[in-house]
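J.: Structure of the sequence below:
(one chain, ligands or ions: 1)
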Amino acid sequence: MQRVFSTKVLRSDLEERLAELGVYTRWREEGPMPREFLLEEMAKADALITGGLRIDETLLSQAKALRVVSTTSVGYDHFDIAAMRRHGVVGTHTPGVLDDTVADLAMALVLATARRIVELDGWVRQGRWTKGFDESLFGVDVHHRTMGILGMGRIGEAVARRAHYGFGMNVLYHSRSRHPHAEASVHAVYASFDELLRQSDFVVLLTPLTPATIGLMNRDAFAKMKPSAIFINVSRGKTVVEEDLFQALQSGQIRAAGLDVFVTEPTPTDNPLLSLPNVVASPHIGSATQATRDDMDRLAVDNLIAVLEGRFEDARIVPELQDLVKEL
Ligand code: DGY
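T.: Okay, here's the model as predicted:
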């Protein structure tokens, strides 16, 4: 009999599959789950399914029976990999099923910032559309411009496909390694980080959050971008130094930004970035469509069951912990 604990509500058919393993629990009362409840359940659980709960030494040292943490996300920067390795706990994630949905959101932010959709929506609603529309309100073109993608994984390739085939854009990319598939299928051209910043009209950040990407977009990076360029972030907020982005936007060093992610989430309403008309903000909704979130939850349940049943080859184990299963 296995004990599965979830920090989130799942669809009833998924919860039934987890209950069939033995005991399935989650917080069912009103209000937020108290930390004591979490720690009590973690002390008993064989498996945990979660969205963004920090999996660190403090939690793992309470979780003596835990064998797997299955996150309902592709990003797993909330996993302390070293601590999971020490405790022999496998981590799984949900790559693949959200690529097109996140790519759609990236393009939505590209279009919204370039054509000033949110700002001008406000302008119409405020009754300011009384006669003509002068050039101070014009936007910039997206089509046939240059998009630079930082982090060319599956999502990057889905964005590049939209940019190249949908909008006739030139696509540059920078990644840890070359991606021959993206180069062949969407004509993406590899560039150094600096070259990409210098040449792109749209810089789209898609890198995972790692020690190497924390604060990647800082004062120096924004200084290399064109004054007409637009910055889009659909990766993680901490890849950006928000104060430096604010300065770059306010001083006209870059034109605009579309931000789905923030250093602190939810971001406080007094975040200075939210005071700028040339910022379009969304509340970390990259994968947030019903169909895609259902697919992610289903995959997370499949992953968890596969690990508990020892079918490791069927589970999407995060790359840094794949060798752990040999020792289990
Ligand atoms: C992920 O899966 O990591 C996304 O950020 C969720 O929207």
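J.: okay, CA-based contacts and neighbour counts for the rest of this
T.: Noted.
J.: Would you state the predicted confidence (pLDDT) at whatever residue of the stretch 101-250 of the chain ends up closest to the ligand?
T.: Here the residue of the stretch 101-250 of the chain nearest the ligand is residue 235; by Cα to the nearest ligand atom that distance is 6.6 Å. We have a pLDDT of 97 for residue 235.
J.: And the nearest residue to it once chain neighbours are set aside, how close does it get to residue 213?
T.: Using Cα to Cα, 6 or more residues apart in numbering and skipping the chain neighbours, the partner closest in space to residue 235 is residue 206 (4.7 Å). Per Cα to Cα, to the nearest Å, residue 206 is found 10 Å from residue 213.
J.: Same drill for the two, tell me which one is more crowded.
T.: Using other Cα atoms under 10 Å as the criterion, residue 206 and residue 213 rank with residue 206 on top: 25 against 14.
J.: Report the contact partners of the more buried one.
T.: Counting by Cα atoms under 8 Å, 6 or more residues apart in numbering, residue 206 touches 149, 150, 151, 152, 155, 156, 233, 234, 235.
J.: Just the ones of those in strands?
T.: Using DSSP state E, the subset of the contacts of residue 206 located in strands is 149, 150, 233.
J.: quick one: which of these has the most company?
T.: Counting by other Cα under 10 Å, top hit in the ones in strands among the contacts of residue 206: residue 149 with 31 neighbours.
J.: what's the burial count for residue 6?
T.: 23.
J.: what phi and what psi does the backbone show at it?
T.: According to degrees, to the nearest 10, the main-chain angles of residue 6 amount to phi -120, psi 140.
J.: how close does residue 80 get to residue 177?
T.: Between residue 80 and residue 177 the computed distance is 24 Å (Cα to Cα).
J.: In terms of neighbours, single out the busier of those two.
T.: The residue with more neighbours, out of residue 80 and residue 177 and counting by other Cα under 10 Å, is residue 80; that gives 15 against 10.
J.: number of nearby residues for residue 227?
T.: Applying other Cα under 10 Å, we find 17 residues neighbouring residue 227.
J.: And the strands in the stretch 151-300 of the chain?
T.: 170-174, 189-190, 202-205, 230-233, 256-259, 279-281 (DSSP state E, counting those that start in this stretch).
J.: Can you lay out those strands as CSV showing distance to residue 52?
T.: Formatted as CSV, the strands of the stretch 151-300 of the chain follow (distance: least, Cα to Cα, whole Å):
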stretch, distance to residue 52
strand 170-174, 27
strand 189-190, 32
strand 202-205, 20
strand 230-233, 19
strand 256-259, 19
strand 279-281, 20
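J.: I'm done for today, thanks for sticking with me.
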